[in-house]
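Asker: got a sequence here, can you model it:
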Amino acid sequence: MLNGQQKAILPQLRKLMGAPMGPDPSDRQLLERFLANYDAAAFAALVRRHGRTVLGVFRRVLGNRHDAEYAFHATFLVLVLKAMSITNRSAVGSWLYGV
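Answerer: Numbers count the residues shown, from 1 in each chain. Predicted coordinates:
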């Protein structure tokens, strides 16, 4: 359990370390940040959040690592190009699976 002094300094340490100050932003928030000003950090967060699943699906379906990586990159390129058309912005993972 943290004492008062430790609680007071913890946000400052997180800020210095670059750690998020609160809960992770939702897919909707990240997608809207990306759309609003091409926020590379928001896009990178979406890739980190969903990339492993997307790549795993392609590896299982295609059975070839190089083909899976190509399809992975193509899928996230489609996200860049079609992000504005996503109607349910809270379900980016489902949208990526559909791609």
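
Asker: neighbours around residue 45, how many?
Answerer: As a burial measure, residue 45 scores 19 neighbours (other C-beta atoms under 10 Å). Glycine gets a C-beta too; all of them are placed from N, C-alpha and C.

Asker: that one: helix or strand, and which one exactly?
Answerer: helix 40-62 (DSSP states H and E).

Asker: list the buried ones in that helix?
Answerer: 42-43, 45-46, 50, 54-55, 57-59 (16 or more other C-beta atoms under 10 Å).

Asker: lowest confidence element among the helices and strands of this protein?
Answerer: When each helix and strand of the chain is scored by mean pLDDT, DSSP states H and E, helix 4-17 comes last, with a mean of 60.

Asker: following that helix, which helix or strand comes up?
Answerer: Toward the C-terminus from helix 4-17 - assigned by DSSP H and E - lies helix 27-37.

Asker: separation between the residue lying closest to residue 80 once chain neighbours are set aside and residue 65?
Answerer: Among residues not flanking residue 80 along the chain, residue 43 sits closest, at 7.4 Å (C-beta to C-beta, 6 or more residues apart in numbering). Distance, residue 43 to residue 65, by C-beta to C-beta, to the nearest Å: 24 Å.

Asker: still on that earlier bit, my guess is the residue nearest to residue 80 meets residue 35, correct?
Answerer: No - look at residue 43 against residue 35 with C-beta atoms under 8 Å: they stay out of range, at 9.9 Å.
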